[in-house]
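Asks: Let me see the structure of the following:
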Amino acid sequence: MMFENNATIKAAEKNTHFAKRQSQLINASWLPTVTMTADYTMMSNNINVSQEYASLLKPFQEKYANELLIPDILNYISDELGNLSFDVPIFDDDFGSVDIEILYPIFTGTKRLYANKLAKSNETLAGINKEAIGATKYLELVNIYFSLSLTESMIKVLKETYEMTNSHYSQALKMESIGIFDKADRLIVKVALDESERNLKDAENQAEVLRDALCKIIGKEPTDNEQQSVLTSTPLFINEKYPRLEWFKDMMEQNAYIFQQANLHEDISKANIRLSQSSYYPIISIYGKQTIASYQVPKNMVPNTIGGVNMVWNIFDGLARERNIQLTKIESDIIAETQKSMKNDLEVSVDEWYANLKQACINASELQSSLELAQEVYRIRKKSFNEGLCTSQQVLDALNLVNETNLFLLTTHFEYDIALANLCCLCGIPEYFESFLETRQ
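Replies: So this is what the prediction gives:
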């Protein structure tokens, strides 16, 4: 339910879709660009070319240079015409056309290759980030859920303590009424009864807060009825048969999100450097243009079909490319050092949580023995009190000892569960925690 409704996980899912669309956008650079253009132009006057009459006779003069009388006649006519000329129209004062143009880069200096590789790496990184966010939210859910489970277990213990204290108080009232119990001892029991009632109410209020937090993290707005229905079904547990530290470290190196992100960041940094270096190469494209319709455009001046090859080579850009490559290399070094630090922190965290896991098992075993002893002490004190051999304070002390030991034992179970959940999430195997629940003791 959390993976379907949680807003943070939904945002991570949207981010993966965004990275996928970006990758598809980069792939579009491998396809030609086809555009349709339409233009209509108006000018203040027509475009004409001045043509001299005399120059039109030159071909005839050359052709009939060896003929009798004809060259003389042509020379005479040319001299008489002199500088006389006439205007030849080229373009009218308004014209227009509708064209289809195509441009297809056939060589971009490996720019498209590394841009595509960069987009694929970013798409993969977005998927890993989504899994990491899901694991973080899963760990938060486990923390809230088992906190609620711990609180509910504590409520049961506190209810038992309250009932036992109340029973002891009722017995104290009866014994006071027959004169074998003084008022001061009875008031001591009353103070203990009030304190146990306050502890119980505090635990119940804390449970309501945790139920509200649980509803929010799974993406549901809680109502009063829903809060009443939110109860845990998985109790706190301890399983002493847990894997060795080396197994968790192997899983960490294979599956940890930080390790996967570090490898991808390294690939992205290399692709960025190659992408920057590709700017040294020229861009070669083929292009074409086809006129679909035209208005007052002379065909002898502007053909309907045009095609060719184009090359653009940035020879010098003020050392901008060199600076960009240097910046990219510095960013790559920063990312590498950051990822190395995060890896070290992760290994330390795994060691710490494994130590907590191991210590929780030891503490649980010792506290279980202490709880059995405390229960025996309480049984003896209660029996002695009924026989008038001990005071109510001694009974209350024994009861508090049972209560505190029981609560410590529950807290130890909680610490074990949280340590195991953290280990699984840090190592990139949150699903292992669920399989561990199936074999819980």
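
Asks: Which helix or strand in this protein has the lowest average pLDDT?
Replies: In the chain, no helix or strand scores lower on mean pLDDT, DSSP states H and E than helix 224-229, which sits at a mean of 53.

Asks: What is the helix or strand that that helix is followed by packed up against?
Replies: Scanning forward in sequence from helix 224-229 by DSSP states H and E, the next helix or strand is helix 245-255. For helix 245-255, the elements it packs on are helix 320-386, judged by 3 or more C-beta pairs under 8 Å, 6 or more residues apart in numbering; DSSP states H and E. No exception for glycine: its C-beta is placed from N, CA and C like everyone else's.

Asks: Do me a favour and average the pLDDT over the helix it packs on.
Replies: In this model, helix 320-386 has an average pLDDT of 89.

Asks: Tell me which other helices or strands that helix touches.
Replies: If you count contacts as 3+ C-beta pairs under 8 Å, 6+ apart, helix 320-386 packs onto helix 111-177, helix 245-255, helix 257-277, helix 392-426.

Asks: Now the third one: buried residues?
Replies: Buried residues in helix 257-277, counting neighbours by 16 or more other C-beta atoms under 10 Å, are found at 257-262, 264-265, 268-277.

Asks: Quick one: distance of that helix to the chain centre.
Replies: Relative to its chain's centre, helix 257-277 lies at 17 Å (C-alpha atoms, centre = their mean, to the nearest Å).

Asks: quick check: angle from whichever helix or strand comes after it to helix 111-177?
Replies: Next helix or strand after helix 257-277 toward the C-terminus (DSSP H and E): strand 283-295. Orientation note: strand 283-295 sits at an angle of 100 degrees relative to helix 111-177 (axes from the mean of the first three to the mean of the last three C-alpha atoms, to 10 degrees).

Asks: which residues are contacting strand 283-295?
Replies: 40, 94-109, 111, 297, 302, 304-313 (C-beta atoms under 8 Å, 6 or more residues apart in numbering).

Asks: on that earlier part again, highest mean neighbour count out of the helices and strands packed on helix 320-386?
Replies: The highest average neighbour count among those, using mean count of other C-beta atoms under 10 Å, belongs to helix 392-426 at a mean of 21.

Asks: now for that helix, which elements pack on it?
Replies: Contacts defined by 3+ C-beta pairs under 8 Å, 6+ apart place helix 392-426 against helix 111-177, helix 183-217, helix 320-386, helix 430-438.

Asks: quick one: which of those is nearest N239?
Replies: Between N239 and the helices and strands packed on helix 392-426, the tightest spacing by C-beta to C-beta is seen for helix 430-438, at 6.5 Å.

Asks: Now that closest one: buried residues?
Replies: Within helix 430-438, the residues scored as buried using 16+ other C-beta under 10 Å are 430, 432-433, 436.

Asks: so which of the helices and strands packed on helix 320-386 gets nearest L367?
Replies: L367 lies closest to helix 392-426 among the helices and strands packed on helix 320-386, at 4.4 Å (C-beta to C-beta).

Asks: tilt between that closest one and helix 111-177?
Replies: 170 degrees.

Asks: Skipping adjacent residues, who's closest to the residue most central in space within the chain in space?
Replies: Geometric centre of the chain, nearest residue: N129, 4.0 Å, by C-alpha atoms, centre = their mean. Spatial nearest neighbour of N129, excluding adjacent residues (C-beta to C-beta, 6 or more residues apart in numbering): A12 at 6.4 Å.

Asks: With E52 instead?
Replies: Nearest residue to E52 in three dimensions, chain neighbours excluded: S85, at 4.4 Å (C-beta to C-beta, 6+ apart).

Asks: Count the neighbours of the one you found for me.
Replies: Residues lying near S85 (other C-beta atoms under 10 Å) number 14.

Asks: next one: L81
Replies: 15.

Asks: per-residue pLDDT, it?
Replies: If you check L81, the pLDDT there is 70.

Asks: Okay, and the residue nearest to N129 sits in which element?
Replies: Here A12 is assigned to helix 7-27, by DSSP H and E.

Asks: so how far is that helix off the chain centroid?
Replies: 9 Å.

Asks: what bits of the stretch 151-300 of the chain have low per-residue confidence?
Replies: Counting by pLDDT under 70, the ranges of the stretch 151-300 of the chain that qualify are 180-181, 221-231.
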